[in-house]
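**Q** Model the following, please.
(2 chains)
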Amino acid sequence: MKKITLGAFEELVLLTAGVLQDNAYGVTIKLELERQLKKKISLGSLYSALQRLEDKGWVNSRIGGITEKQGGRRKQYYDITKEGMMALDEVRAMRNGLFNRLPNAKLDLLKS
Amino acid sequence: MGIKHKNARPPRFAKWLLKSFCSYDFLSTALWDLEELFHHNIKVKGLSKARLFYTMEVFGIIIHLFFKGKSQYSTNKIAMLKHNLLISIRSFKRFKSTFFINLIGLATGLASTLLIYLWVVDEMSIDKFHEKDDQIYQVMRNRNQNGIINTTSTMPGPLAEELRTNYPEVESASMIWAPEFFGSKGYISMEDKQIRAKAQYVDAGFMKIMSVPLVSGNPNAALKSKTEVLISESLAQKVFGTIDNLIGKTLHWNEGKMSGDYMISGIFEDVPDNSSMQFDMLLNAKVMIDARKYMEEWGNTNPDVVVLLKEGTSADQFDAKITKLIQAKRPKSSGTLFIQKFSDRYLKGSYENGTVSGGRIVYVRLFSIVAMIILAIACINFMNLSTAKATGRLKEIGVKKALGAKRKALLTQYYTESFLMTIISMAMALIMARSLLPQFSQITGKALNINFTSELAIGIGVILLFTGLLAGSYPALYLSRLKTTESLKGKLAKSFSELLVRKGLVIFQFSASIILIFSVLIVSKQIDYIQNKNLGYNRENIVKFDNTGIDDSAYPGFVSSLESIPGVLSTASTGHDLTGDHGSTRLSWPGKKTDDKTMFINLEMSPRFIETMGIELVQGRTFERGRINEDKKIIFNETAIKQMDLEDPVGKIINLWGREKEIIGVVKDFHAESLYETIQPTLIQAYPVLNSTIVRIQKETIPNTLASIEERFEEFSNGLPFEFSFMDSDYQAMYQSEKRISSLSKFFAIVAAIISCLGLLGLTAFTAEKRTKEIGIRKVLGSGNWKIVGLLSLDFAKMVLVALVIGLPLSYFIAQGWLENFKYSIALSPWHFLLSGSIIVAISWLTVSFQTFKAARTNPVDALRSE
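**A** Below you'll find the predicted structure:
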């Protein structure tokens, strides 16, 4: 079976969803991401990332704040799952591993 | 702010769009987020931005659904859209030639429309940039002269002051003497440099009325005193090489009696291109009044006057209030005042019987109509070719219908196709328009740009929507209506009305092309006529230049120096050029009736003017140089003598401005104004020196002679450079707008004809293809090539003939209407009709024959082999 991968943008969305804990839904994730990345993010790309994450089983969605009106609106919250945390951890471990292998000469570039 | 927009609603269109593309579950989620974001944005960025962001987010969501979304999140509309696009692209590929004909036609049409749109938007923007545009009005005056009402913008000197002090509605008022008033002849002298500049004389209120942003200096104190001057950034650069630290410096200004040292009190941003007033210096109007004391009286008129009305003032009431103002001050006067919005004057600057009767707005409307016609012609190609091709797609429609496609689904499909086509064409049109823009700017005399502003986006959006809907309308309605069984059988019921519509559309295209071609012919003939008409004088090989810089006392020396140049035939000094806008005056003569209010054009010229210009003398003599008392003599044209009803005019005494003058000669009529005017009674008075010089040069020696004139000029001009023009090019400049219209209409007529022919090409190809078998059988039975060509061409020939019958009479009325504007115009002759008719017949026949010959020459075996 092909390994399920975590894209760079997906990773950010997943992290943010985790950081926001119980209050992670479209708007909060978008605003938090925009604050962190200092650039505009469209809801469209956010939704498609969240939908992909949900398909992979890394977030669960739950419904809240339903209005009674016909064609009403509802909040869809996203909670990070255990598998999601594992995926994040795996990516971080790989990154850290690579980072630790950077030679000192390259690290010195940061200081200059 | 939050409270103010508590009930603000997101844009309905965007919401509707979202509802039609998102599945129910996803929709409710997206709606919540979008609405929360919307209210957040209202607080942070304001309502209009929030609405814009909302719409953009919706588009973003739909695009994601379209390209990446899973079907569970979207309605099947996304799937249908994908399907329709796929079918459209396949049909483009299948009918490649049709696709290219449509593409080229629509793209050319759209490019023309875009260019016209840019031009119209630019015309409409003139003078609209002033912040208080809504409150700025210009005072205008009607004068009754012999029953004809003349409308002018010149006002009595004290009017602005009167309006400022005694009318509470007026926040501010200002006189304006535009630089052109003195022929833009002033210049700045700075050390040894002489720099020409355009000075406008205004009141301090001008800065409050118009938007003239200062780069440095205090706008509230500007122009309060007579000794200060404001200059533009680019003039400052020219004079001082910098725009910094100039406040308080003085510069020396030379312009007649207004010459002197002025202190710079501010630098303003350069006047934008879309301003009808162009100046690069502002001086206090009091300087002007001081130089011309008589301006303090109500009886003399000179400056323009603009007013800034207080916010909320009714312009109509104010208008009514000031109507009789001049008569109240000066009972003898017949002038009445009215106000016109300042920014309207550019487009609506013509007056008839004292009311606004048009102006440039006529051309704006005209070209908007032309744009729509061209676009319609291009859309018709699409309509005709799509319905014609429908036969090839009958099975597709039949199968869809049999599988349960509703009419609406088919409609959507064809509209998708037309919109896709339009969008592709628009992309091409933008490229075309962009590459044509330099030439187009040159023709229109405007610096036009395609800047992707929101306004242009809206304009393009509207054009897209209009074109897509129009082009798609007929195919969509027609094809979706077909019966399932018949279309499956592959038979297209040939209803009479359907053929009629298609033919009617072609006839419309060609009628429109005929009208455009005919108009082009007439416009260019009329312009030729104007340029070559005998004006009663010879305007060739005459050089004209200003006398600025030459002292009056040195002038006779300058003249004899000029006349000693071998190539110079004759010189004279003139106070007027012969391109119009002279002052006119009344005078009295023996036997004048008391109610006679004849106005005479007043030409002030030096002796030898008549000889230099080549005006023909009928009786008496002309002015002579050096002869005494020439200032007490006068010369008239024939029309004037006729008007005064004088017999043996030479030697008679008339009275002009309270002084007696003897008639010494009569000259043949000549045109002293544009050909929009008839020849008026004209008088010529002699003065030794006036403000410009004309020189007639021997044609063969022009370059050498010009060089010598320049040398002599600079000897006398105190360092001012020699700037000259040829009189015939000045004359042509007078008809510049007609020339522009002529080249523009030529351009668009060609476009219209090309697009129409493209459509015809497509239709013929289609017909020839449909009748392949018939042609094959006819050939097998012995029909010749020419017979078949004739057979195939007959239908189209009929359509073109009908178009001629409709188009030519219409052209006649349109052309006649335009020519009536000129007092001297060409007569429409059968020739013109014949020529434009044959152009259309020839090009349509060429188009058709290309296809018909190809069809006629195919081997019948190929045509009949397959079944």
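
**Q** and residue B:665, helix, strand or coil?
**A** Secondary structure, DSSP: H, G, I helix; E, B strand; the rest coil: residue B:665 is strand.

**Q** Please tell me I have it right and it contacts residue B:638.
**A** No - counting by Cβ atoms under 8 Å, residue B:665 stays clear of residue B:638, with 11.2 Å between them. All C-beta atoms are positioned from the backbone trio N, CA, C, and that covers glycine.

**Q** Identify the contacts common to these two.
**A** When contacts are counted by Cβ atoms under 8 Å, 6 or more residues apart in numbering or on different chains, the set common to residue B:665 and residue B:638 consists of residue B:618.

**Q** ok, which stretches of the stretch 351-500 of chain B are strands?
**A** With DSSP state E, counting those that start in this stretch as the criterion, the stretch 351-500 of chain B has strands at B:355-358.

**Q** Low-confidence bits of it, can you list those?
**A** For the stretch 351-500 of chain B, applying pLDDT under 70 flags the ranges B:391, B:490-498.

**Q** And for the stretch 101-250 of chain B?
**A** Residue ranges of the stretch 101-250 of chain B with pLDDT under 70: B:145-148, B:182-185.

**Q** again with the stretch 551-700 of chain B
**A** Filtered on pLDDT under 70, the stretch 551-700 of chain B yields the residue ranges B:576-584, B:674-676.

**Q** Show me which residues of chain A sit near chain B.
**A** Neighbours of chain B within chain A, by Cβ under 8 Å from any Cβ of the partner chain: A:25-27, A:30-31, A:42-45, A:47-48, A:51, A:55, A:65-66, A:71-76.

**Q** make it 7 Å
**A** Counting by Cβ under 7 Å from any Cβ of the partner chain, chain A comes close to chain B at A:25-27, A:42-45, A:47-48, A:51, A:65, A:72-76.

**Q** Report the backbone C-alpha coordinates of stretch B:697-711 in PDB.
**A** Provided in PDB are the C-alpha atoms of stretch B:697-711 (Å, rounded to 0.1, in the frame of the first residue of the first chain):
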ATOM      1  CA  ILE B 697       8.600  81.800 -49.000                       C
ATOM      2  CA  GLN B 698       9.600  80.600 -52.400                       C
ATOM      3  CA  LYS B 699       8.800  77.000 -52.400                       C
ATOM      4  CA  GLU B 700      12.100  75.700 -53.800                       C
ATOM      5  CA  THR B 701      14.200  77.500 -51.200                       C
ATOM      6  CA  ILE B 702      12.200  76.600 -48.000                       C
ATOM      7  CA  PRO B 703      15.000  74.900 -46.000                       C
ATOM      8  CA  ASN B 704      17.600  77.600 -46.700                       C
ATOM      9  CA  THR B 705      15.200  80.400 -46.200                       C
ATOM     10  CA  LEU B 706      13.900  79.000 -43.000                       C
ATOM     11  CA  ALA B 707      17.500  78.800 -41.700                       C
ATOM     12  CA  SER B 708      18.100  82.400 -42.600                       C
ATOM     13  CA  ILE B 709      14.800  83.500 -41.000                       C
ATOM     14  CA  GLU B 710      15.800  81.700 -37.800                       C
ATOM     15  CA  GLU B 711      19.200  83.500 -37.800                       C
END
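
**Q** Tell me if the host helix or strand of residue B:91 is near chain A.
**A** According to DSSP states H and E, residue B:91 maps onto helix B:76-94. No - using Cβ under 7 Å from any Cβ, helix B:76-94 never reaches chain A; the gap is at least 12.9 Å.

**Q** Can you name the element that comes right after that helix?
**A** helix B:96-125.

**Q** And that next one, how far out from the chain middle?
**A** Chain-centre distance of helix B:96-125: 18 Å, with Cα atoms, centre = their mean, to the nearest Å.

**Q** repeat for stretch B:625-634
**A** On Cα atoms, centre = their mean, the centre of stretch B:625-634 falls 47 Å from that of its chain.

**Q** next one: stretch B:636-648
**A** 41 Å.

**Q** Show me what that stretch is in contact with.
**A** Residues outside stretch B:636-648 that contact it (Cβ atoms under 7 Å, 6 or more residues apart in numbering or on different chains): B:589, B:591, B:598, B:600, B:618, B:649, B:652, B:663, B:666-670, B:679-683.

**Q** from these, which would you call buried?
**A** For these, a burial check counting by 16 or more other Cβ atoms under 10 Å in any protein chain shown picks out B:589, B:598, B:600, B:649, B:652, B:663, B:666-667, B:669-670, B:679-683.

**Q** so which of those comes closest to chain A?
**A** Closest approach between these and chain A, by Cβ to the nearest Cβ: residue B:680, at 67.6 Å.

**Q** what's near enough to touch the closest residue to residue B:606 other than its chain neighbours?
**A** Nearest residue to residue B:606, sequence neighbours excluded (Cβ to Cβ, 6 or more residues apart in numbering or on different chains): residue B:573, at 3.8 Å. Residue B:573 makes contacts with B:606, B:689, B:690, B:692, B:693, as judged by Cβ under 7 Å, 6+ apart.

**Q** What does the pLDDT read for residue 48?
**A** Unless you meant another one, I'm taking chain A. As predicted, residue A:48 sits at a pLDDT of 85.

**Q** Let me rephrase: I mean chain B.
**A** As predicted, residue B:48 sits at a pLDDT of 79.

**Q** And it, how far from chain A?
**A** Distance, residue B:48 to chain A, using Cβ to the nearest Cβ, to the nearest Å: 18 Å.

**Q** how many other residues sit next to that residue?
**A** For residue B:48, the tally of surrounding residues (other Cβ atoms under 10 Å in any protein chain shown) stands at 9.

**Q** same thing with residue B:306?
**A** Based on other Cβ under 10 Å, the number of other residues close to residue B:306 is 27.

**Q** State the three-state secondary structure for it.
**A** strand.

**Q** how about the nearest residue to it, chain neighbours excluded?
**A** Leaving aside its sequence neighbours, residue B:306 sits nearest to residue B:138 (Cβ to Cβ, 6+ apart; 5.1 Å).

**Q** could you pull out the helices for chain A?
**A** Secondary structure of chain A, counting by DSSP state H: helices at A:8-19, A:26-37, A:43-55, A:82-100, A:104-111.

**Q** Go through those helices and pick out the most buried.
**A** helix A:43-55 (a mean of 21; mean count of other Cβ atoms under 10 Å in any protein chain shown).

**Q** And that one, how far out from the chain middle?
**A** 10 Å.

**Q** Return the alpha-carbon coordinates of it using CSV.
**A** What follows is helix A:43-55, C-alpha atoms only, in CSV (Å, rounded to 0.1, in the frame of the first residue of the first chain):
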residue,chain,number,x,y,z
LEU,A,43,-11.2,29.4,2.8
GLY,A,44,-11.3,27.2,-0.3
SER,A,45,-7.8,25.9,0.1
LEU,A,46,-8.3,25.5,3.8
TYR,A,47,-11.4,23.4,3.3
SER,A,48,-9.8,21.2,0.8
ALA,A,49,-6.9,20.6,3.2
LEU,A,50,-9.3,19.8,6.0
GLN,A,51,-11.3,17.5,3.8
ARG,A,52,-8.2,15.6,2.8
LEU,A,53,-7.1,15.3,6.4
GLU,A,54,-10.5,14.0,7.4
ASP,A,55,-10.3,11.4,4.6
